[in-house]
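Student: Using only what follows, build the 3D model:
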Amino acid sequence: DAKRLLKEIQDKNVEYDPERKLSIVVEFVAGKVTETIERMIALYRPDALVVGTRGQGGIRTWGAALTGGVGSVSKYCLSRSPVPVIVVRPERKVRKTTEKRRADPKRRTHFDELTRQHTTLPMSPKPVGLPLSPSLP
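Tutor: Numbering: from 1, shown residues only. Below you'll find the model as predicted:
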């Protein structure tokens, strides 16, 4: 399964940009999850760490057994990683949160505006928001 997934990722990378190089390392390691992540970061010195979350923060016993009492690998990584961490939420959780926010009357116009912008306008290279430094005369 891992080889098939790597092949798919590499194929998509070539389709997107044939000149772009992609380095992927997959290892299966036995041991405590948090200790293994720390060792792998020290060994490979990645630019970032990507971890998933199941969004089950209330269920601590099994997660705590795996992480040495921490309860959440993603929270552990966020608090202890020496490199930036990207936490990927399950699509069902993202969908559920989005629908809840859409149902909130205070947020409805915000979501309607975002939906209209994304469906009618192409991505704009113009920056959005305030400039980071004041303009010079």
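
Student: Show me what stretch 41-59 is in contact with.
Tutor: Outside stretch 41-59, the residues within contact range by C-beta atoms under 8 Å, 6 or more residues apart in numbering are 25, 37, 63, 71-75, 77, 81-90, 93. For every residue, glycine as well, the C-beta is placed using N, CA and C.

Student: isn't there a helix covering Ser74?
Tutor: Yes. The assignment for Ser74 by DSSP: H, G, I helix; E, B strand; the rest coil puts it in a helix.

Student: Let's see the pLDDT reported for the nearest residue to it once chain neighbours are set aside.
Tutor: Using C-beta to C-beta, 6 or more residues apart in numbering and skipping the chain neighbours, the partner closest in space to Ser74 is Thr53 (4.4 Å). According to the prediction, Thr53 has pLDDT 85.

Student: For Thr53, give me phi and psi.
Tutor: In terms of degrees, to the nearest 10, the main-chain angles of Thr53 are phi -140, psi 140.

Student: Distance-wise, check it relative to Pro18.
Tutor: Per C-beta to C-beta, to the nearest Å, Thr53 is found 33 Å from Pro18.

Student: Of these two, which one has the most company?
Tutor: The neighbour count for Thr53 versus Pro18, taken as other C-beta atoms under 10 Å, is higher for Thr53 (17 against 7).
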